[in-house]
Every structure is written in structure tokens, then in C-alpha cells.
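Enquirer: Here is the input, now give the coordinates:
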Amino acid sequence: MSFNNSAAKALGTSNWEHKFKDWSTGPGKTERVRCENAISMIKSAIESSEKLKSKSINVFLQGSYRNKVNVQADSDVDVGIVCSDVFFGHYPKGYNRDSFGYVAASYSFDDFKDDIEKALVDKFGRAAVTRGSKAFDIKANTYRVEADVAPFMEHRRFKTNGSYITGVQQFSDDGKKIINWPEQHYENGVSKNTLTSRKYKRTVRVFKKLTNEMAANGIEDAKGIPGFLCECLIWNVPNEYFNYTTFYDVLRNAIVYLYAELGKESSDEWGEVSELKYLFGSNQKWTKQQARKLLVAAWNYVGYE
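Expert: The predicted structure is shown next:
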């Protein structure tokens, strides 16, 4: 990797560290209060619904806000609403629903999504609620931040003995199946943050903010990079790489490690933070090549040598 950004180099090591320290912190109290107001109103909307109040429903935080890796640019809140009266199963080869004595449900995911939409519109008004293919967008105002509200039903990944691990599943309006593992993602993130003396999540924020700034300044290889990919890349950095004193050095060595490993086939086995989905593959919106280009761009932008 070679340096080619004289404007960034002029900032100097100590100024970059000052900037990284500032970026490592989350949004301020006012933004947090607006997030909490949005969450409270969404819970109230579900609790007030005649169709939903009799069902087993959990409203939960997900995404960067729940995992405490949010930065100001993505301080909208992601909320999941999961109905556990119905589940979708993934069974071992040779097994199916009947193998474990389950029966088909009459309440469909489409019905559930329609019921969620009605509850949100009744609470926020039609003008504030936009139905997307996967989630509802709740517009921001001075009281609350913007919120993405995603409906889910339970997903169960079964073992041959009938035990299972639990995630969530939804279908986009064009029929695409999406499975997520928010609880496993959260637990793994908390554990790594503890093992790295709380540097893991702070480094994620630094890398996300750096990527956002690069994109805003016209760096092509940073444009369109999801914050989730930044988070998962830092997740795959071994814990000992967080032992450096400064964020400048933590990020420098993380970039060196990630760039080298992404050139190897072994990184095909890397997981998302949940470690229940592969980070790269045909089902993802990004590629290893894009990730390596981002790392080179970040290296050059900061002026590492």
C-alpha cells in the first residue's frame, strides 16, 4: 500500500489520533434521548393494536444503536418486531417439520406485516410511515430520530436431536428470504469489547467515521460501503491487535492484517459478528475485492507508512 494523499498526510499522526479519539465516542445525550423516544413510541403502537396485543410479540433494538457502534451519520434507530407464535424452521438433511411434531400455522408473515403497518399508521399517521420492501420508515421530527422498523417471525435452526438456536426471519415484498441473528450478534460484540478493554466498539466507530468522511470527500472506494461491513471487518481482527495504546496504531495494524488475510482463501470462512452467517459470498451485497479497495483507500487517506 502506498501513500498518495498529501492533504491527509499534512494532518499528522498526533492530529489523526485526536480525531480518532473524538470519533470513538457515540452520539451525544440529545441524540440518545431522541432515539429512546422513537423506540418508546413504536412499542406503544404495537401495544395499542387490537390485532397484535393478543400475540406473543417482542419489540427489540437491533443494528448499530443496540450494539453501541452507532455514529452520528447513522443515528437512526433500527427496531425489530418479532412474532414468536409462528416460526420458520431450517432442518438437518432428512428431517422436516413433521419430524419434530410441529404443524403448519394459519397466521402468515404477510398478515403480520400488514398488521404492523396498520399499528404504525394509527400511531404516527400515514404521512410519517413509508412501507419499504423489508421495513417501515418512520420519519424523524424534533422529538424522535428516524426509525427503520422491521417485522420478523422467529427462525429456528434445528439439530437432529430437536434442539435449536433462535434467530429471526422475514420476507421482503418481492419474496426474498432474510434471516438474522441479532441476539448472537449482540452477545459476541459485548464479549469482544470486554476482551479488548472496550477498544473493539470504539475502533468500529473510528473506522465507520473514517469511511463516511472519505466518501463525503469523494473517495470512490468508500462510497456506498455499509457501516455493517466496517463493523464485521473489525470483528474479524484478532483481539491482540487492540493492545496498542493509540487508535492510530490499532487501526493501522488492523488494516495491515485485514488486507493481507482478505487475499487468502481462509477468509472465505469469516463470519458476520453473529458467527452464524458468512461475511462474504453470493448472498452478500459486498465482495472481498471491495473490502480490500476500501482498506487501501483508508491507508492512503490517513497517510500511513
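Enquirer: wouldn't G263 be in contact with R292 here?
Expert: Yes: contact criterion C-beta atoms under 8 Å: G263 and R292 qualify, at 7.1 Å. Backbone N, C-alpha and C define where each C-beta goes, glycine included.
Enquirer: Neighbour count for those two, which is higher?
Expert: R292 (17 against 11; other C-beta atoms under 10 Å).
Enquirer: For the more buried one, give me its contacts.
Expert: Neighbour list for R292: Y259, L262, G263 [criterion: C-beta atoms under 8 Å, 6 or more residues apart in numbering].
Enquirer: Closest one of those to G12?
Expert: Closest to G12 out of the contacts of R292 is Y259 (23.1 Å), distances taken as C-beta to C-beta.
Enquirer: any idea which of the contacts of R292 is closest to Y304?
Expert: Among these, and counting by C-beta to C-beta, the member closest to Y304 is Y259, at 11.1 Å.
Enquirer: What is the burial count for the closest residue to the closest one other than its chain neighbours?
Expert: Leaving aside its sequence neighbours, Y259 sits nearest to L295 (C-beta to C-beta, 6 or more residues apart in numbering; 4.7 Å). Per other C-beta under 10 Å, the neighbour tally for L295 reads 22.
Enquirer: Output the helix or strand hosting L295 as PDB, restricted to C-alpha atoms.
Expert: Taking DSSP states H and E as the criterion, L295 maps to helix 288-302. Coordinates of each C-alpha in helix 288-302 appear next as PDB, following Å, rounded to 0.1, in the frame of the first residue of the first chain:
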ATOM      1  CA  LYS A 288     -13.700  -9.200  -0.700                       C
ATOM      2  CA  GLN A 289     -12.300  -7.100  -3.500                       C
ATOM      3  CA  GLN A 290     -14.400  -4.100  -2.400                       C
ATOM      4  CA  ALA A 291     -13.200  -4.500   1.100                       C
ATOM      5  CA  ARG A 292      -9.500  -4.600   0.100                       C
ATOM      6  CA  LYS A 293     -10.000  -1.500  -2.000                       C
ATOM      7  CA  LEU A 294     -11.600   0.300   1.000                       C
ATOM      8  CA  LEU A 295      -8.600  -0.700   3.200                       C
ATOM      9  CA  VAL A 296      -6.100   0.700   0.600                       C
ATOM     10  CA  ALA A 297      -8.100   3.900   0.300                       C
ATOM     11  CA  ALA A 298      -8.200   4.200   4.100                       C
ATOM     12  CA  TRP A 299      -4.400   3.600   4.400                       C
ATOM     13  CA  ASN A 300      -3.700   6.300   1.800                       C
ATOM     14  CA  TYR A 301      -6.200   8.700   3.200                       C
ATOM     15  CA  VAL A 302      -4.800   8.700   6.700                       C
END
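Enquirer: related to what we said a few turns ago, state whether the residue nearest to Y259 and A260 are indeed in contact, as I suppose.
Expert: No: taking contacts as C-beta under 8 Å, L295 lies outside contact range of A260: 9.8 Å.
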